[in-house]
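**Q** predicted model and sequence below, questions to follow.
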Amino acid sequence: MGVMSLRFRRAIRQHQNRLFSLACNMLGSSAEAEDVVQDVLIKLWEHLPDLSADHVRPWLLRVTRNACVDLLRRRRYQQAFVAEAVNSGPRAVETTPMMELSNSELGSRLKQAIQDLDEPFRSLVILRELEDCSYKEIAEVLELSDQQVRVYLHRARRKLRHALGSNDDE
Amino acid sequence: MMSKEKPQNWFDQRVEAYVDGDLDSSERALFEARLQLDDSLRREVDQARLIQGALRDMPSLQCPSDVRKRVLEITGSRPVGFSWGWAGAACAVLVAAIAVGLMRTPAGPSEAELAQARADMETALAYLNRAGQMAGREAGQQWIESGIARPVSAGLRRPPEVEGDAI
């Protein structure tokens, strides 16, 4: 087995769970997340000779995130088309105060609220809060400055707080 | 007090920064002074902490082993650095080069052209044959009329010889 092949297998072992988790949280669908991760890892095989060891993880996160954003864009377009066709109204919003929710209820509402965030807020919350990436790493993945990452992240969490019903003034 | 001069949304916009410890000392002092007076702001801070805790508690997900297996199967048959995109581009360039080469080489007749030429030649030969037959007939007639030739039928019409005359 060649050096590249060993390096590739090691990279899969190291990063597959994080990539799957990122894709799953971005897309809210494990089946789609599997497809995205598979495609991203195949792309890694194509680009591995050009990537130094330090750049593999940020490269993988960036490519996975971009693939998810593309998929979400296509999905949103399809959903808009279907919604227009059936003339469906807006989704009903639950009004239970956040403090009264059980952990699992809060978790599921939080997941939905994350899904409803626009980019780059969704990616920021997932990368920072769920995937525990550093500000520097997020800045590299999203091509933002460290300061922008910090400010946008606060804004993203404020959006979540408002979406979960504590404040409607935004 | 300074905090009373700030609008409500100034504090709301800083709840997460306060929870993360990202406010500078003067803003932090303002924020904490307001917290003492404002129950709704305290509730927002509690909720921000609750959300942050819930986010951190979300379980990490395991990638199904099938994905790794499929990826290794697909990449196992390709050399590292191989990309279908690049391979496709290389094929396209090759096809274009062959096409240009063929356009520059003088091309021989195609099967269809050969068949057409053969049909034209047969038609022309049939005309020549027919014209030859007609010309032959006309010439024969002229030779008969001018006495150069005698029609074959003239010999056949000769009356039979009488036996007595022969002696």
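**A** Now that the structure is in, tell me what you want to look at.
**Q** near chain A, anything from stretch B:68-77?
**A** Yes - Stretch B:68-77 reaches chain A (Cβ under 8 Å from any Cβ of the partner chain) through B:68, B:70-72, B:74-75. C-betas here are computed from N, CA, C, even on glycine.
**Q** for that stretch, buried residues please.
**A** B:68, B:70-71, B:75 (16 or more other Cβ atoms under 10 Å in any protein chain shown).
**Q** what's the answer for stretch B:36-50, then?
**A** Here stretch B:36-50 shows B:41, B:44-45, B:47-48, B:50 as buried, counting by 16+ other Cβ under 10 Å.
**Q** likewise for stretch A:18-37?
**A** Using 16+ other Cβ under 10 Å as the test for burial, stretch A:18-37 gives A:18-27, A:32-34, A:36-37.
**Q** hang on, A:Trp124 packs against A:Val141?
**A** Rather than Trp, residue A:124 is Leu. No - the criterion here is Cβ atoms under 8 Å, and A:Leu124 misses it with A:Val141 at 9.7 Å.
**Q** got the contact list for A:Glu32?
**A** Applying Cβ atoms under 8 Å, 6 or more residues apart in numbering or on different chains to A:Glu32 gives the contacts A:23, A:71.
**Q** what do you get for A:Met26?
**A** A:33, A:65, A:68-69, A:72, A:122-123, A:126.
**Q** check which helix or strand covers it.
**A** Assigned by DSSP states H and E, A:Met26 belongs to helix A:3-27.
**Q** what's the neighbour count on B:Gln52?
**A** 17 (other Cβ atoms under 10 Å in any protein chain shown).
**Q** tell me which element it falls in.
**A** Going by DSSP H and E, B:Gln52 is part of helix B:39-57.
**Q** ok now the helix ranked longest in chain B, how far from the chain's centre?
**A** Longest helix in chain B, counting residues (DSSP state H): helix B:111-145. Offset of helix B:111-145 from its chain centre (Cα atoms, centre = their mean, to the nearest Å): 52 Å.
**Q** now A:Gln115: closest residue in space, sequence neighbours ignored.
**A** Excluding the flanking residues, the one nearest A:Gln115 by Cβ to Cβ, 6 or more residues apart in numbering or on different chains is A:Gly28, at 5.0 Å.
**Q** so that neighbour versus A:Cys68, what's the distance?
**A** Per Cβ to Cβ, to the nearest Å, A:Gly28 is found 10 Å from A:Cys68.
**Q** and the pLDDT at A:Leu101?
**A** At A:Leu101, the model reports a pLDDT of 64.
**Q** A:Ser123 now?
**A** For A:Ser123, pLDDT reads 94.
**Q** can you get me a residue count around it?
**A** 25.
**Q** next SSE after the strand or helix carrying it?
**A** Using DSSP H and E, A:Ser123 falls within helix A:121-125. With elements assigned by DSSP H and E, the helix or strand that comes after helix A:121-125 is helix A:135-142.
**Q** could you give the angle of the helix or strand following that next one to helix B:39-57?
**A** Next in sequence after helix A:135-142, counting helices and strands by DSSP H and E, comes helix A:146-163. Helix A:146-163 and helix B:39-57 are oriented at 110 degrees to each other (axes from the mean of the first three to the mean of the last three Cα atoms, to 10 degrees).
**Q** run through who's touching helix A:146-163.
**A** The contact list for helix A:146-163 (Cβ under 8 Å, 6+ apart) reads A:110, A:113-114, A:116-117, A:120-122, A:124-125, A:128-129, A:135-136, A:138-139, A:142, A:144, A:167-170, B:12-17, B:20, B:22, B:44, B:47-48, B:51-52.
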